[in-house]
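Undergrad: sequence first, predicted coordinates after that:
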Amino acid sequence: MRCDHCANDVPDGVFCTRCGADQGTTGELSRAKTRRHRYAAHPTEHVVQPSVFTTIFPHLGQQKIHEFRWAFAVGLAGILVLYVAGLVTAAILVAIFLVPVLYLIYLYEAQVYRDEPATVLGFTIGGGAVTGLVLTLIVRALYNPFPNVGNPLHNAGISVGALLFLGLTLPVLQEALKPLPALFLPKRSEFPETVDGLVFGIAAGLGFSVAESLVAISSALPALPAHVTPGNWIYDLATLAIFQPLLQSSATGMVVAAVWRYRRGRLARREAGGVAMAVIAHVAFALGTQLLNDVAIAQLFVLVWQAVVVGSLLIYVRYLLHHALLEEAAHMGYAETICPNCHMHIVASGFCPNCGMALTAAPAAVKRARKPVAAVKS
């Protein structure tokens, strides 16, 4: 059939396998081609949907995504059980490592690193952890925001200077340093797509988050007894398990993805806006959290603020990746393959004609198994 939007002859399907547009929507050409109602990595979702797992795990199909959601839910339940039992130290450690461990499993499942796992993991997660360790130790030497034993994430009476340092200077410095491990990854040419840059940036951000959190609570953990009254630790556990790692990883992922686009000669206002959004979101998260804690507002409102900032950041990540996938997938050749999202055997170019997934977001194993064909059989 002939696509209504790009005028190419393509296999019959719901979506054009060349440009990714919905077929049969000639009255809405712009909407069909931009596809904001069909997120390119997971077409069952809207682009403007702050879904955590389909954003930071872009290579996985629907079935695998559900498995990771369940694993995350089980991890949160485990943290809650430890908290209720008074094992706060154990709950803190599980909260810090929950998302990074899931991401390590994801990198293995999706085979993002292809044939060099040690190099990729060392330069992304390991490099991010080293960067976070060094920077956080330097910051702690200059200013220790948690000098007192007790709840490590709160400190009343922060001065204006300390507030500006922790809420403005430090986030900007972190966003300048966190992407470095991914940007200096050897053989970057083997990972050309924007989605690769996003994933490696997220991995570096998660490594940084682990080191930062461990250093931040190091003064409090040794003084905590094995069993303590739970108190209000649940709010800090939510920050450590959910919002802190998502903020650090998403911001770094977006910066690295923008650099990946720049190296391909495709940096536009969208990508420059992504870098600005990463910095603004980090500053808003840190500064807002410090201010709300300083005025002793209810911790539930602090979590709401953190959720709003992280949700907005995730939406921009999806917006950036969506348009990058639409552009990059349109240049792929025809091949026989299996769609990792709907699991159909297809002859396709850059998009699955059945579900519309951008095949540049497929796991590395699926990309390697593609069997090129010279032409599409009618």
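TA: Nice, I can see it.
Undergrad: quick one, helices of the stretch 1-150 of the chain?
TA: Assigned by DSSP state H, counting those that start in this stretch, the stretch 1-150 of the chain shows helices spanning 29-34, 53-56, 62-84, 88-110, 117-121, 127-142.
Undergrad: and residue 345, how many neighbours?
TA: 10 (other C-beta atoms under 10 Å). (Glycine included, C-beta is placed from N, CA and C.)
Undergrad: is it in a bridge, and if so with what?
TA: residue 338 (DSSP bridges).
Undergrad: so, low pLDDT: which residues of the protein?
TA: 24-33, 114-116, 144-159, 225-226, 266-267, 374-378 (pLDDT under 70).
Undergrad: name the helices or strands packed onto the top helix by length along it?
TA: Criterion DSSP state H: the longest helix present in the chain is helix 299-329. Contacts defined by 3 or more C-beta pairs under 8 Å, 6 or more residues apart in numbering; DSSP states H and E place helix 299-329 against helix 53-56, helix 194-217, helix 233-238, helix 244-263, helix 269-294.
Undergrad: so which of the helices of the stretch 1-150 of the chain gets nearest residue 333?
TA: In terms of C-beta to C-beta, the element of those nearest to residue 333 is helix 29-34, at 20.6 Å.
Undergrad: name the nearest residue to the residue most central in space within the chain, sequence neighbours excluded.
TA: Nearest to the mean C-alpha position of the chain, counting by C-alpha atoms, centre = their mean, stands residue 56 at 3.4 Å. For residue 56, ignoring the flanking residues on the chain, the nearest one in space by C-beta to C-beta, 6 or more residues apart in numbering is residue 202 at 5.4 Å.
Undergrad: with residue 271 instead?
TA: residue 258 is the one closest to residue 271 (C-beta to C-beta, 6+ apart), at 4.0 Å.
Undergrad: residue contacts, that neighbour?
TA: Taking C-beta atoms under 8 Å, 6 or more residues apart in numbering, we find residue 258 in contact with 267, 271-272, 274-275, 320.
Undergrad: would you check that residue 22 makes contact with residue 13?
TA: No: counting by C-beta atoms under 8 Å, residue 22 stays clear of residue 13, with 10.2 Å between them.
Undergrad: would you mark the buried spots in the longest helix of the chain?
TA: 299, 302-303, 305-306, 309-311, 313-329 (16 or more other C-beta atoms under 10 Å).
Undergrad: before we move on, what about stretch 3-14?
TA: 3-5, 10-11, 13.
Undergrad: and those residues, which is closest to residue 166?
TA: residue 5 (49.4 Å).
Undergrad: how many neighbours does the closest residue to the closest one other than its chain neighbours have?
TA: Once flanking residues are discounted, residue 5 sits nearest to residue 21: 4.2 Å by C-beta to C-beta, 6+ apart. For residue 21, the neighbour count with other C-beta under 10 Å is 25.
Undergrad: going forward, begin numbering at 24 instead of 1
TA: Sure thing, new numbering starts at 24, so read that last one as residue 44.
Undergrad: now render the buried residues of stretch 26-37 as TSV, adding distance to residue 271.
TA: Formatted as TSV, the buried residues of stretch 26-37 follow (distance: C-beta to C-beta, whole Å):
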residue	distance to residue 271
26	41
27	43
28	39
33	41
34	42
36	39
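Undergrad: among those, which one sits closest to residue 94?
TA: Proximity of those to residue 94 (C-beta to C-beta) peaks at residue 36, which lies at 32.9 Å.
Undergrad: that closest one and residue 384, how far apart?
TA: Computed as C-beta to C-beta, to the nearest Å, the residue 36 to residue 384 distance reads 18 Å.
Undergrad: ok, residue 329 next?
TA: 28 Å.
Undergrad: which residue comes closest to residue 132 once chain neighbours are left out?
TA: Distance criterion C-beta to C-beta, 6+ apart; nearest residue to residue 132, sequence neighbours excluded, is residue 87 at 6.5 Å.
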